[in-house]
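Engineer: no sequence on hand, only this structure:
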């Protein structure tokens, strides 16, 4: 979260938190699509005046963003760029990868009237920087444009309602595979010829420029939507490059559809290379008509979302990240004899003044038990002062990783511990 | 929150988040005292298997901590020291200083069997360091011990049940005043003599040692509870000193009672000097019997809590802290002409690589409007590159606080901006 926060703010995004508890009608404003996942809340012993208003817990960050913008419309400067990293709630049965409560990290920019495509290009640059810094392995940001999909489907004579269904089916490609997508497209009423053409289309492979060139060559001047989509995607790719994202970290992928109805242009997914089966770890897109309905004017937006709880669970399960040790403490000050406690406290405070994280042991237990405890907690350094060390104004420093011990004059303790911790950090 | 996190971790406290959504019976385990503030939750369209279990939102951090310890008892190392900074929820009507949802920052240490008084002394040291760093003015940590109060009340012949009521009445002293406390004590059945003695007792003033000496001189050997309380408080004061908390930041205050039943020893409140009417901004105490009831053995704990949402509202209202500017951005790269966008993007990325927070303006608007926008957003530096700057490989740097302008070669831009921002930070 600290990495994300730093990068989001470097791009000028403002931190925002919206209430978890929201009026039900606000959460349902996008239509009833949230109904099956909404948690309704009521005071256990309601006061009279509370009974009239229905409340629920937010199930995503986008609807509350739209509500926030509507409420603070005249105080905000547009484009309004905010990030949010708080909890969302879903009244579903908890199971693997599906949580009652999870942290969803979203960034969105919302403009007034219009919003430059450069914002669409900036999001992959942000995502690139975050995943680079998180160092969880190679990743690929896959970019597409909804207008290309709808324009292409339309060119096959598919009607608007059917296009929405097509997009949802294609969105399931990674989960259900090409054969199942083809048969499902036919089940919904497409000819085998149309289904084949769609499958060919979304399977076009190559580097960014090859795909864009092929689109321009074969699909120009068929309909305005297609033309606009190709033009937008070309611009976005150009600017992603200008922002310094290396070629191997992003690609054009015509199979990226995203399930949600409200996307109108650029769409993104991100996969971990070698762990594609985990699905997208960071997704989003452009939505030109979602936010405006609350405020009553055109407020196009573009955003991207990281489902942090699910991602972290996956990374832990695959061993890509390791759990933190049970304590942040880097040093344990061992409690050898109660009468030396003032010394232990003074030493602990001296280390803390140099931002070293110290656990002072207050319980009186045998030395071995205290060292065991340090090991169990993953504390790399123990400081031991008994009678003789006290008399000699020294401290025994024990490196818990190597077992190595060193007697250090108290006057040099802080600098020696700092050096030790640097060494430990390099080993780990 | 970053300040708190840093200090908590320097003392070896582990970050913990417990679920907001918890089984109702767990939240009610402390008795029904939460009932009037509990938010019950139910899926809006429940699946069948969900209907049987009642769930609610946590209303404090202590009950969920106890539940967490019971659930993970055999994985934890005791004493278990954790901090928590997440949201709690109350099904009350929202009004000033009373929220449906607020952030409560708690630290607690829970021991197994016993827990050294040094932990009681460490909390004021942590609080001292946090409020020093937050720089919100002078503060006073007021320390008392419940055993002194109960022992003293008991010495007046007041029964155990009445003592609980006495403590709640005294806890209201800052709110209702001495006269009202006196009359309320009498209304509950105390003699005017007892009420007077209590009021005299809780009004004892002086420095730490004077008060402790007076307690020892006048109240020793009356009953064990009093003796133990005086002994504990004396030790805590001694160790708070050893931990380096200056005398003027903490005091012994015999009127500190805390309303909650579960405190058994040390109790704390913290007031902002000159803003005592705000009430306690950080409170807590020792609870020897609360956590054990979940785990079935003695698990004494001590903790302290900062109601961050309420505190922040108060500090903002009094002008003690100022709201953040609407954007974290330190620099706005102005958009002079669309064809120079690749240059704007390259410059923005170069600054970001030096951790400078940059808002690149993508909308094409007149220069004046863009500068107005920077002012409105509180961005201190604008970078302007038009045709002539582009040709000369320079950049016009505008200090938005002074109006000062400076033409800088692009090769020196990053270092010049860094210097500017340092100057600005010093001015503000």
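Structural biologist: Looks like it came in fine. Only a predicted model underlies this, so the values are computations on that prediction, with no experimental measurement involved.

Engineer: and the stretch 201-350 of chain A, which residues reach chain B?
Structural biologist: Proximity of the stretch 201-350 of chain A to chain B, by CB under 8 Å from any CB of the partner chain, involves residues A:239, A:242-244, A:326-329, A:341-342, A:345-346, A:349. The way it works is simple: take the backbone N, C-alpha and C, and place the C-beta from them, glycine included.

Engineer: same thing but at 6 Å, please
Structural biologist: A:242-244, A:327-329, A:342, A:345, A:349 (CB under 6 Å from any CB of the partner chain).

Engineer: now the two most distant members of the residues you listed.
Structural biologist: A:242 and A:342 (61.3 Å; CB to CB).

Engineer: compare those two (neighbour count), which wins?
Structural biologist: Set side by side, residue A:242 and residue A:342 show more neighbours around residue A:242, with 18 against 13, by other CB atoms under 10 Å in any protein chain shown.

Engineer: check contacts around that one.
Structural biologist: Listed by CB atoms under 6 Å, 6 or more residues apart in numbering or on different chains, the contact partners of residue A:242 are B:342, B:345.

Engineer: how much space between it and residue B:342?
Structural biologist: Distance of residue A:242 to residue B:342, computed by CB to CB, to the nearest Å: 5 Å.

Engineer: of the residues of the stretch 201-350 of chain A next to chain B - the most surrounded one?
Structural biologist: Highest count within those by other CB under 10 Å belongs to residue A:329, 26 neighbours.

Engineer: that one and residue A:421: what is the separation?
Structural biologist: Residue A:329 is 11 Å from residue A:421, by CB to CB.

Engineer: got it, and residue A:372?
Structural biologist: 21 Å.

Engineer: of these two, give the one with the bigger neighbour count.
Structural biologist: Neighbour totals were compared for residue A:372 and residue A:421, and residue A:421 leads with 16 against 13 (other CB under 10 Å).

Engineer: hang on, the more buried one in a helix?
Structural biologist: Yes - the assignment for residue A:421 (DSSP: H, G, I helix; E, B strand; the rest coil) places it in a helix.

Engineer: give the closest residue to it in space, chain neighbours not counted.
Structural biologist: residue A:330 (5.6 Å; CB to CB, 6 or more residues apart in numbering or on different chains).

Engineer: ok, the one you found touching residue A:359?
Structural biologist: No - applying CB atoms under 6 Å, one finds residue A:330 not in contact with residue A:359, separated by 8.8 Å.

Engineer: ok, longest strand in chain A?
Structural biologist: strand A:101-110 (DSSP state E).

Engineer: about what we covered before: out of the residues of the stretch 201-350 of chain A next to chain B, list just those in helices.
Structural biologist: A:242, A:342, A:345, A:349 (DSSP state H).

Engineer: rebuild those residues as JSON lines, extending it with pLDDT.
Structural biologist: Shown next, in JSON lines, are these (pLDDT from 0 to 100):
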{"residue": "A:242", "pLDDT": "95"}
{"residue": "A:342", "pLDDT": "94"}
{"residue": "A:345", "pLDDT": "97"}
{"residue": "A:349", "pLDDT": "97"}
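
Engineer: between those, which sits nearest residue B:296?
Structural biologist: Checking these one by one against residue B:296 (CB to CB), the nearest turns out to be residue A:345, at 33.7 Å.

Engineer: residues in contact with that closest one?
Structural biologist: So residue A:345 contacts B:242-243 (CB under 6 Å, 6+ apart).

Engineer: now the element after the strand or helix carrying residue A:22, going C-ward?
Structural biologist: Using DSSP states H and E, residue A:22 sits in strand A:21-23. The C-terminal neighbour of strand A:21-23 among helices and strands, as given by DSSP H and E, is helix A:24-27.

Engineer: output the contacting helices and strands for the very next helix or strand once past that next one.
Structural biologist: Once helix A:24-27 ends, the next helix or strand along the chain (criterion: DSSP H and E) is strand A:39-43. Strand A:39-43 makes packing contacts with strand A:55-57, strand B:39-43 when contacts are defined by 3 or more CB pairs under 6 Å, 6 or more residues apart in numbering or on different chains; DSSP states H and E.

Engineer: hmm, try it at 10 Å
Structural biologist: Judged by 3 or more CB pairs under 10 Å, 6 or more residues apart in numbering or on different chains; DSSP states H and E, strand A:39-43 is in contact with strand A:21-23, helix A:24-27, strand A:55-57, strand A:87-89, strand B:39-43, strand B:55-57.

Engineer: check whether the second one contacts chain B.
Structural biologist: Yes - among the residues of helix A:24-27, A:24, A:27 lie within reach of chain B under CB under 10 Å from any CB of the partner chain.

Engineer: list the buried residues in that helix.
Structural biologist: A:24, A:26-27 (16 or more other CB atoms under 10 Å in any protein chain shown).

Engineer: right, and residue A:288 touches residue A:262 too?
Structural biologist: Yes - if you go by CB atoms under 10 Å, residue A:288 and residue A:262 touch, sitting 8.8 Å apart.

Engineer: can you give me the strands for the stretch 201-350 of chain A?
Structural biologist: A:250-252, A:266-272, A:283-287, A:301-307, A:331-333 (DSSP state E, counting those that start in this stretch).

Engineer: adding mean neighbour count, write those strands out as a markdown table.
Structural biologist: Output for the strands of the stretch 201-350 of chain A, formatted as a markdown table (neighbours: other CB atoms under 10 Å in any protein chain shown):
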| stretch | mean neighbour count |
| --- | --- |
| strand A:250-252 | 22 |
| strand A:266-272 | 25 |
| strand A:283-287 | 26 |
| strand A:301-307 | 25 |
| strand A:331-333 | 26 |
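
Engineer: residue A:146 is nearest to which of those?
Structural biologist: Ranked by CB to CB, the member of those that lies closest to residue A:146 is strand A:266-272, at 5.7 Å.

Engineer: count the neighbours of residue A:203 for me.
Structural biologist: Other residues close to residue A:203 by other CB under 10 Å number 12.

Engineer: name the nearest residue to it, ignoring sequence neighbours.
Structural biologist: residue A:255 (7.1 Å).

Engineer: for the residue nearest to residue A:421, give me its contacts.
Structural biologist: A:351, A:355-359, A:378-381, A:417-418, A:420-421, A:424-425, B:9-10, B:12 (CB atoms under 10 Å, 6 or more residues apart in numbering or on different chains).

Engineer: weed out the non-buried ones from those residues.
Structural biologist: Counted by 16+ other CB under 10 Å, the contacts of residue A:330 give A:351, A:356-359, A:378-381, A:417, A:420-421, A:424, B:9-10, B:12 as buried.

Engineer: which one among those residues sits at the bottom for pLDDT?
Structural biologist: Within the set of the buried ones among the contacts of residue A:330, pLDDT is lowest for residue A:424 (78).

Engineer: thought it was touching residue A:399?
Structural biologist: Yes - under the criterion of CB under 10 Å, residue A:424 makes contact with residue A:399 at 7.4 Å.
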